[in-house]
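Student: Based on what follows, work out the 3D shape:
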Amino acid sequence: MTQQNNTVIFYWKYFPSLSLNMTLSFQLTITFPAWDIQAAWSLKTRALTETVYIDEVDVDQEGIAEIMLDESAIAQVARPGTSLMILGTSQGGGPSPAVRPVTQSGRPITGFVRPSTQSGRPGTMEQAIRTPRTAHTAQPVSSSSGRFVRLGTVQASFLQNFPKEYIPFSD
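Tutor: Predicted structure coming up:
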């Protein structure tokens, strides 16, 4: 047996107790004369598959849609017709039914939108900002497409910065 084969057997035997960085540094610095050594190739694939890469791009970035459509934000101004301190009300203390705001269809504004009465999904950003979220529109459309673009960029940069060719195709 050669020295390289002894080293491969050592790393294969003690792989669970060794650090993955140590195993990967061994695999990336030693070049084997024949790529048909299955033990070395298997050790290399095992070390690479057990390595954890953290996607730092998608950790905590919020798009404009998430910021503008935040459900936990508190309204800065009271809704019309909901304040009990309105001048000109009756002695009951509540607002007059005559000044209660209504929608274009004549229904009173309650602050809740039922999915069956909504005309459809918003098409523009302005409509998305004005339209409250329901159970069917919880995730804004713009956030998912931007996430996939960022993930593609991360994958491309990872492939460019990889130290060596994983499986050489020249042989």
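Student: What about residue 41, how many residues nearby?
Tutor: Residue 41 has 16 neighbouring residues, counting by other CB atoms under 10 Å. (Each C-beta comes from the backbone N, C-alpha and C, glycine too.)
Student: Give me the buried stretch members for the helix or strand containing it, please.
Tutor: Element membership of residue 41 [criterion: DSSP states H and E] is helix 38-49. Under the neighbour-count criterion of 16 or more other CB atoms under 10 Å, helix 38-49 has 40, 41, 43, 44, 47 buried.
Student: Columns pLDDT and distance to residue 65 on top of those residues, output as JSON lines?
Tutor: Shown next, in JSON lines, are those (pLDDT from 0 to 100; distance: CB to CB, whole Å):
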{"residue": "40", "pLDDT": "71", "distance to residue 65": "49"}
{"residue": "41", "pLDDT": "73", "distance to residue 65": "46"}
{"residue": "43", "pLDDT": "73", "distance to residue 65": "46"}
{"residue": "44", "pLDDT": "74", "distance to residue 65": "42"}
{"residue": "47", "pLDDT": "74", "distance to residue 65": "40"}
